[in-house]
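> sequence plus the predicted model coming up.
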Amino acid sequence: MIGKLLACTALFGVVATGAAFAQHAPGYSSPKTTWGAPDLQGFWNSTSITSLQRPAGVDKLVVSEQEGRAIVNDNPLIIITQMEADAQGSNPDDTSILEDGNADRGYNAFWIDPGVKLGEVKGELRTSWIVEPANGRVPFQPGARRAGGGDFAAANFDGPETRPLFERCLMTETTAGPVMQNAMYNSTVQIVQSPDAVVIVVEMVHHARIVPIVANAAAAKHGPNEIPKWAGDSVGWYEGDTLVVQTRNVHPLQPSLISKAGTVTERFSRWADGQILYAFTVEDSTLYTQPWRGEMALNASQPMYEFACHEGNHAMGGILGGARQLESEGRTPAMGPGIAAGIVPPSQRAKAN
(Lines give C-alpha, C1' and ligand atoms only; values in the text may rest on other atoms or scores of the structure.)
Protein backbone atom coordinates (compact mmCIF):
# COMPACT_ATOMS: atom_id res chain seq x y z
CA MET A 1 0.00 0.00 0.00
CA ILE A 2 2.81 2.44 0.90
CA GLY A 3 4.57 1.62 -2.36
CA LYS A 4 1.42 2.38 -4.34
CA LEU A 5 0.94 5.66 -2.51
CA LEU A 6 4.52 6.73 -3.15
CA ALA A 7 4.05 5.95 -6.82
CA CYS A 8 0.81 7.94 -6.79
CA THR A 9 2.34 11.01 -5.19
CA ALA A 10 5.35 10.81 -7.49
CA LEU A 11 3.04 10.87 -10.52
CA PHE A 12 1.33 13.96 -9.25
CA GLY A 13 11.86 24.51 -17.30
CA VAL A 14 15.24 24.61 -15.89
CA VAL A 15 16.22 28.14 -14.76
CA ALA A 16 19.29 28.75 -16.88
CA THR A 17 21.02 31.33 -14.72
CA GLY A 18 24.20 31.29 -12.71
CA ALA A 19 22.17 31.10 -9.49
CA ALA A 20 20.51 27.91 -10.71
CA PHE A 21 23.81 26.08 -10.50
CA ALA A 22 25.22 27.77 -7.38
CA GLN A 23 26.09 25.52 -4.46
CA HIS A 24 25.42 28.02 -1.66
CA ALA A 25 23.50 31.23 -1.05
CA PRO A 26 25.27 34.44 -2.10
CA GLY A 27 27.74 35.51 0.57
CA TYR A 28 27.35 32.31 2.60
CA SER A 29 30.46 30.44 3.76
CA SER A 30 30.11 26.79 4.71
CA PRO A 31 31.27 25.81 8.21
CA LYS A 32 34.16 23.36 8.39
CA THR A 33 34.88 20.28 10.47
CA THR A 34 38.01 20.18 12.64
CA TRP A 35 39.79 18.37 9.77
CA GLY A 36 38.80 20.98 7.19
CA ALA A 37 35.91 19.31 5.34
CA PRO A 38 32.59 21.13 4.80
CA ASP A 39 30.48 20.39 7.88
CA LEU A 40 27.24 18.69 6.84
CA GLN A 41 26.52 17.03 10.17
CA GLY A 42 23.18 17.10 11.89
CA PHE A 43 19.56 16.15 11.33
CA TRP A 44 17.93 17.17 8.06
CA ASN A 45 14.41 16.80 6.73
CA SER A 46 12.91 16.79 3.21
CA THR A 47 9.19 16.69 4.12
CA SER A 48 7.33 18.36 1.27
CA ILE A 49 4.43 18.03 -1.15
CA THR A 50 7.01 18.27 -3.94
CA SER A 51 8.13 14.86 -5.20
CA LEU A 52 10.61 13.54 -7.73
CA GLN A 53 8.40 14.11 -10.77
CA ARG A 54 6.20 17.07 -11.68
CA PRO A 55 2.41 16.71 -11.29
CA ALA A 56 0.38 16.18 -14.43
CA GLY A 57 -0.80 19.45 -15.94
CA VAL A 58 1.98 21.53 -14.34
CA ASP A 59 4.41 22.94 -16.89
CA LYS A 60 6.75 25.05 -14.73
CA LEU A 61 9.59 24.16 -12.38
CA VAL A 62 9.24 27.32 -10.28
CA VAL A 63 5.84 28.67 -9.23
CA SER A 64 4.39 31.51 -7.18
CA GLU A 65 2.84 31.09 -3.72
CA GLN A 66 -0.64 31.16 -5.25
CA GLU A 67 0.24 28.57 -7.90
CA GLY A 68 1.89 26.46 -5.23
CA ARG A 69 -1.23 26.45 -3.05
CA ALA A 70 -3.31 25.16 -5.96
CA ILE A 71 -0.85 22.28 -6.48
CA VAL A 72 -0.87 21.47 -2.76
CA ASN A 73 -4.67 21.46 -2.67
CA ASP A 74 -4.67 18.91 -5.51
CA ASN A 75 -2.44 16.48 -3.60
CA PRO A 76 -4.30 13.27 -2.54
CA LEU A 77 -2.68 13.22 0.91
CA ILE A 78 -3.78 16.79 1.61
CA ILE A 79 -7.32 15.96 0.44
CA ILE A 80 -7.48 12.90 2.71
CA THR A 81 -6.19 14.92 5.68
CA GLN A 82 -8.82 17.60 5.09
CA MET A 83 -11.59 15.00 4.72
CA GLU A 84 -10.71 13.47 8.06
CA ALA A 85 -10.38 16.86 9.75
CA ASP A 86 -13.83 17.85 8.49
CA ALA A 87 -15.33 14.62 9.81
CA GLN A 88 -13.72 14.66 13.27
CA GLY A 89 -16.04 15.58 16.09
CA SER A 90 -19.13 15.95 13.95
CA ASN A 91 -20.55 12.57 14.93
CA PRO A 92 -18.32 9.94 16.57
CA ASP A 93 -20.70 7.21 15.43
CA ASP A 94 -20.50 8.21 11.77
CA THR A 95 -17.97 5.91 10.12
CA SER A 96 -18.93 6.78 6.54
CA ILE A 97 -15.48 8.21 5.87
CA LEU A 98 -14.14 4.67 6.26
CA GLU A 99 -16.97 3.08 4.28
CA ASP A 100 -16.10 4.18 0.77
CA GLY A 101 -15.16 0.70 -0.41
CA ASN A 102 -11.45 1.28 0.12
CA ALA A 103 -10.19 -0.78 3.04
CA ASP A 104 -6.79 0.87 2.75
CA ARG A 105 -8.29 4.13 3.97
CA GLY A 106 -7.79 2.73 7.48
CA TYR A 107 -4.19 3.93 7.03
CA ASN A 108 -5.45 7.35 7.98
CA ALA A 109 -4.01 10.83 8.14
CA PHE A 110 -2.88 10.42 11.76
CA TRP A 111 -0.01 8.23 10.53
CA ILE A 112 1.25 10.36 7.65
CA ASP A 113 3.39 13.49 7.48
CA PRO A 114 3.51 14.67 3.86
CA GLY A 115 4.03 18.35 4.67
CA VAL A 116 1.76 21.26 3.80
CA LYS A 117 3.65 23.12 1.06
CA LEU A 118 5.90 22.67 -1.94
CA GLY A 119 9.62 22.28 -1.39
CA GLU A 120 11.68 25.48 -1.36
CA VAL A 121 15.04 25.08 -3.11
CA LYS A 122 17.38 28.07 -3.39
CA GLY A 123 14.51 30.30 -2.30
CA GLU A 124 12.19 29.02 -5.06
CA LEU A 125 9.02 26.95 -4.76
CA ARG A 126 9.71 23.88 -6.90
CA THR A 127 7.09 21.63 -8.51
CA SER A 128 9.49 18.68 -8.88
CA TRP A 129 12.93 17.68 -7.69
CA ILE A 130 13.84 16.91 -11.31
CA VAL A 131 15.18 20.01 -13.07
CA GLU A 132 16.37 18.32 -16.27
CA PRO A 133 14.62 17.28 -18.53
CA ALA A 134 12.66 20.51 -18.47
CA ASN A 135 9.32 18.67 -18.23
CA GLY A 136 10.26 17.39 -14.76
CA ARG A 137 9.66 13.73 -15.71
CA VAL A 138 11.95 10.69 -15.59
CA PRO A 139 13.05 10.12 -19.23
CA PHE A 140 12.51 6.37 -19.43
CA GLN A 141 13.42 4.50 -22.58
CA PRO A 142 10.27 3.14 -24.32
CA GLY A 143 9.20 0.00 -22.47
CA ALA A 144 11.76 0.46 -19.67
CA ARG A 145 10.85 0.33 -15.99
CA ARG A 146 12.65 0.76 -12.71
CA ALA A 147 15.47 -1.66 -12.10
CA GLY A 148 15.44 -4.32 -9.39
CA GLY A 149 12.66 -6.34 -7.80
CA GLY A 150 10.91 -6.48 -4.46
CA ASP A 151 8.33 -3.81 -5.20
CA PHE A 152 4.56 -4.15 -5.00
CA ALA A 153 4.21 -4.59 -8.75
CA ALA A 154 6.18 -7.83 -8.59
CA ALA A 155 5.15 -8.97 -5.10
CA ASN A 156 3.00 -11.99 -4.34
CA PHE A 157 1.81 -13.72 -1.17
CA ASP A 158 3.74 -17.00 -1.51
CA GLY A 159 5.98 -16.28 1.48
CA PRO A 160 7.83 -13.51 3.34
CA GLU A 161 10.61 -13.41 0.75
CA THR A 162 8.14 -12.35 -1.94
CA ARG A 163 6.83 -9.35 -0.01
CA PRO A 164 8.31 -5.84 -0.56
CA LEU A 165 11.46 -4.87 1.32
CA PHE A 166 9.94 -2.20 3.56
CA GLU A 167 7.01 -4.50 4.43
CA ARG A 168 9.68 -6.95 5.62
CA CYS A 169 11.36 -4.14 7.60
CA LEU A 170 14.58 -4.42 5.60
CA MET A 171 14.84 -1.00 3.96
CA THR A 172 13.15 1.57 1.75
CA GLU A 173 14.73 2.79 -1.45
CA THR A 174 12.89 6.11 -1.41
CA THR A 175 14.67 7.92 1.43
CA ALA A 176 17.88 5.85 1.37
CA GLY A 177 18.41 6.21 -2.38
CA PRO A 178 19.91 6.40 -4.77
CA VAL A 179 18.25 8.91 -5.51
CA MET A 180 17.32 10.06 -1.98
CA GLN A 181 13.72 11.31 -1.86
CA ASN A 182 11.03 12.40 0.57
CA ALA A 183 8.25 10.01 1.57
CA MET A 184 4.77 10.35 3.04
CA TYR A 185 6.33 10.23 6.52
CA ASN A 186 9.73 9.73 8.19
CA SER A 187 11.65 11.97 5.78
CA THR A 188 14.42 12.81 8.25
CA VAL A 189 18.08 11.84 7.80
CA GLN A 190 21.13 12.20 10.01
CA ILE A 191 24.56 12.91 8.55
CA VAL A 192 27.66 11.97 10.56
CA GLN A 193 31.19 12.66 9.30
CA SER A 194 34.68 11.47 10.14
CA PRO A 195 37.90 12.06 8.16
CA ASP A 196 37.50 8.65 6.50
CA ALA A 197 33.74 8.19 6.08
CA VAL A 198 30.32 9.79 5.95
CA VAL A 199 27.28 7.96 7.33
CA ILE A 200 23.78 8.89 6.18
CA VAL A 201 21.16 7.39 8.48
CA VAL A 202 17.58 7.52 7.21
CA GLU A 203 14.66 7.50 9.62
CA MET A 204 12.49 5.30 7.39
CA VAL A 205 13.42 1.68 8.27
CA HIS A 206 16.54 3.15 9.92
CA HIS A 207 19.01 2.25 7.16
CA ALA A 208 22.61 3.46 7.58
CA ARG A 209 24.42 4.23 4.33
CA ILE A 210 28.19 4.22 4.82
CA VAL A 211 30.22 6.24 2.31
CA PRO A 212 34.04 5.84 2.47
CA ILE A 213 35.90 9.08 1.68
CA VAL A 214 38.82 9.18 -0.76
CA ALA A 215 41.10 12.00 -1.89
CA ASN A 216 39.41 12.82 -5.19
CA ALA A 217 37.42 11.41 -8.12
CA ALA A 218 40.51 9.70 -9.57
CA ALA A 219 40.96 7.73 -6.32
CA ALA A 220 37.36 6.46 -6.25
CA LYS A 221 37.19 2.68 -6.39
CA HIS A 222 34.09 0.54 -5.97
CA GLY A 223 33.79 -2.99 -4.60
CA PRO A 224 33.41 -6.06 -6.80
CA ASN A 225 30.28 -6.21 -8.95
CA GLU A 226 29.51 -9.62 -7.44
CA ILE A 227 28.69 -7.93 -4.11
CA PRO A 228 25.74 -5.54 -4.60
CA LYS A 229 24.65 -3.43 -1.64
CA TRP A 230 21.43 -2.02 -0.26
CA ALA A 231 21.33 1.63 -1.42
CA GLY A 232 24.26 0.84 -3.69
CA ASP A 233 28.05 0.85 -3.53
CA SER A 234 28.97 4.46 -2.70
CA VAL A 235 32.32 6.28 -2.66
CA GLY A 236 32.72 9.95 -1.76
CA TRP A 237 35.20 12.82 -1.96
CA TYR A 238 35.19 16.57 -1.38
CA GLU A 239 35.30 19.22 -4.08
CA GLY A 240 35.66 22.54 -2.29
CA ASP A 241 32.59 22.97 -0.09
CA THR A 242 30.75 20.04 -1.65
CA LEU A 243 30.60 16.35 -0.74
CA VAL A 244 30.39 14.32 -3.95
CA VAL A 245 29.09 10.74 -3.73
CA GLN A 246 29.21 8.29 -6.64
CA THR A 247 26.97 5.22 -6.37
CA ARG A 248 26.68 2.05 -8.46
CA ASN A 249 25.70 -1.61 -8.08
CA VAL A 250 22.42 -1.43 -6.15
CA HIS A 251 21.15 -4.72 -4.71
CA PRO A 252 18.93 -6.37 -7.36
CA LEU A 253 16.09 -6.91 -4.87
CA GLN A 254 15.85 -3.16 -4.26
CA PRO A 255 13.63 -1.16 -6.63
CA SER A 256 16.12 1.34 -7.98
CA LEU A 257 16.50 4.23 -10.39
CA ILE A 258 19.65 2.67 -11.88
CA SER A 259 20.47 -0.72 -13.36
CA LYS A 260 23.80 -2.52 -12.93
CA ALA A 261 25.11 -0.33 -15.76
CA GLY A 262 24.02 2.94 -14.14
CA THR A 263 25.60 5.56 -11.90
CA VAL A 264 24.13 8.18 -9.57
CA THR A 265 26.30 11.16 -8.65
CA GLU A 266 25.10 13.13 -5.63
CA ARG A 267 26.36 16.48 -4.37
CA PHE A 268 25.76 17.75 -0.81
CA SER A 269 26.46 21.43 -0.11
CA ARG A 270 25.46 23.79 2.70
CA TRP A 271 23.20 26.33 0.98
CA ALA A 272 22.71 28.18 4.30
CA ASP A 273 22.94 27.44 8.02
CA GLY A 274 19.55 25.73 7.98
CA GLN A 275 19.64 24.01 4.60
CA ILE A 276 21.68 21.52 2.59
CA LEU A 277 21.36 21.57 -1.18
CA TYR A 278 21.14 17.96 -2.39
CA ALA A 279 21.80 17.71 -6.14
CA PHE A 280 21.91 14.50 -8.18
CA THR A 281 22.63 13.28 -11.68
CA VAL A 282 21.43 9.89 -12.97
CA GLU A 283 23.25 8.26 -15.88
CA ASP A 284 22.00 4.94 -17.24
CA SER A 285 21.55 4.52 -21.00
CA THR A 286 19.88 1.13 -20.53
CA LEU A 287 16.92 2.77 -18.75
CA TYR A 288 16.85 6.37 -19.93
CA THR A 289 16.96 8.38 -23.14
CA GLN A 290 19.33 10.90 -21.55
CA PRO A 291 21.11 11.68 -18.28
CA TRP A 292 18.80 13.50 -15.88
CA ARG A 293 19.34 15.57 -12.80
CA GLY A 294 17.57 17.20 -9.92
CA GLU A 295 17.83 19.26 -6.74
CA MET A 296 16.18 18.82 -3.33
CA ALA A 297 16.41 20.80 -0.10
CA LEU A 298 17.34 19.14 3.19
CA ASN A 299 16.24 21.46 6.01
CA ALA A 300 17.55 21.53 9.58
CA SER A 301 15.41 19.26 11.75
CA GLN A 302 14.86 17.86 15.20
CA PRO A 303 16.42 14.44 15.96
CA MET A 304 14.68 11.51 14.36
CA TYR A 305 12.43 9.05 16.16
CA GLU A 306 13.21 5.40 16.59
CA PHE A 307 11.62 3.60 13.66
CA ALA A 308 9.24 0.79 14.67
CA CYS A 309 8.41 -1.46 11.73
CA HIS A 310 5.40 -3.51 12.76
CA GLU A 311 4.64 -5.18 9.44
CA GLY A 312 7.69 -7.40 9.14
CA ASN A 313 8.31 -7.76 12.88
CA HIS A 314 4.78 -8.58 13.99
CA ALA A 315 2.25 -8.67 11.14
CA MET A 316 3.82 -10.95 8.54
CA GLY A 317 1.98 -13.94 9.98
CA GLY A 318 -1.31 -12.10 9.57
CA ILE A 319 -0.46 -10.94 6.04
CA LEU A 320 0.33 -14.48 4.89
CA GLY A 321 -2.39 -16.10 7.03
CA GLY A 322 -4.99 -13.84 5.48
CA ALA A 323 -3.75 -14.83 2.02
CA ARG A 324 -4.08 -18.53 2.87
CA GLN A 325 -7.63 -17.91 4.13
CA LEU A 326 -8.59 -16.18 0.87
CA GLU A 327 -7.09 -19.02 -1.13
CA SER A 328 -9.08 -21.57 0.87
CA GLU A 329 -12.18 -19.65 -0.20
CA GLY A 330 -11.15 -19.84 -3.85
CA ARG A 331 -10.13 -16.19 -3.96
CA THR A 332 -6.82 -14.66 -5.05
CA PRO A 333 -5.03 -12.42 -2.52
CA ALA A 334 -4.12 -9.01 -3.92
CA MET A 335 -2.91 -5.61 -2.82
CA GLY A 336 -5.46 -2.95 -1.95
CA PRO A 337 -5.82 0.13 -4.13
CA GLY A 338 -3.84 2.43 -1.80
CA ILE A 339 -5.19 5.08 0.53
CA ALA A 340 -5.46 7.67 -2.25
CA ALA A 341 -7.68 5.54 -4.50
CA GLY A 342 -10.89 7.31 -5.49
CA ILE A 343 -9.64 10.75 -4.51
CA VAL A 344 -10.51 13.34 -7.17
CA PRO A 345 -8.37 16.51 -6.97
CA PRO A 346 -10.23 19.85 -7.11
CA SER A 347 -8.74 20.69 -10.53
CA GLN A 348 -10.14 17.46 -11.96
CA ARG A 349 -13.52 18.09 -10.38
CA ALA A 350 -13.62 21.51 -12.00
CA LYS A 351 -12.91 19.98 -15.42
CA ALA A 352 -15.62 17.37 -14.92
CA ASN A 353 -18.16 20.10 -14.16
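On my side now, so go ahead.
> all helices for this protein, in order.
2-11, 65-73, 76-87, 173-176, 310, 316-328, 346-352 (DSSP state H).
> can you say which of the ones you listed is nearest to residue 336?
helix 2-11 (8.0 Å; Cβ to Cβ). Every residue, glycine included, has its C-beta placed from N, CA and C.
> what comes up buried for stretch 246-264?
Buried residues in stretch 246-264, counting neighbours by 16 or more other Cβ atoms under 10 Å, are found at 246-251, 253-259, 262-264.
> most tightly packed of the helices of the chain?
Highest mean neighbour count of the helices of the chain: helix 173-176, a mean of 26 (counted as mean count of other Cβ atoms under 10 Å).
> packing partners of that one?
Secondary-structure packing of helix 173-176 (3 or more Cβ pairs under 8 Å, 6 or more residues apart in numbering; DSSP states H and E): strand 197-202.
> direction included, what does the strand it packs on pair up with?
Partner strands for strand 197-202, per DSSP bridges, with pairing direction: strand 188-193 (antiparallel), strand 208-212 (antiparallel).
> what sits against residue 298?
44, 45, 46, 189, 268, 275, 276, 277, 278 (Cβ atoms under 8 Å, 6 or more residues apart in numbering).
> closest to residue 304 among those residues?
Of all the contacts of residue 298, residue 304 sits closest to residue 189, with 7.8 Å by Cβ to Cβ.
> show me what the closest one is bridged to.
Beta-bridge partners, per DSSP bridges, of residue 189: residue 44, residue 202.
> relative to residue 25, how far out is it?
Noted for residue 189: a distance of 21 Å to residue 25, by Cβ to Cβ, to the nearest Å.
> ok, these two, which is more surrounded?
residue 189 (26 against 16; other Cβ atoms under 10 Å).
> how long is stretch 322-336 end to end?
13 Å (Cα to Cα, to the nearest Å).
> re the thing from before, compare the helices of the chain and say which comes out lowest on pLDDT.
The minimum mean pLDDT among the helices of the chain belongs to helix 2-11 (a mean of 37).
> which of the helices of the chain sits closest to residue 299?
Comparing the helices of the chain by Cβ to Cβ, helix 173-176 comes nearest, at 14.4 Å.
> now the helices of the chain as a markdown table including distance to residue 58?
Putting the helices of the chain into a markdown table (distance: least, Cβ to Cβ, whole Å) gives the following:
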| stretch | distance to residue 58 |
| --- | --- |
| helix 2-11 | 12 |
| helix 65-73 | 6 |
| helix 76-87 | 15 |
| helix 173-176 | 21 |
| helix 310 | 36 |
| helix 316-328 | 37 |
| helix 346-352 | 10 |
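> so which of those is nearest residue 55?
Of the helices of the chain, nearest to residue 55 by Cβ to Cβ is helix 65-73, at 6.1 Å.
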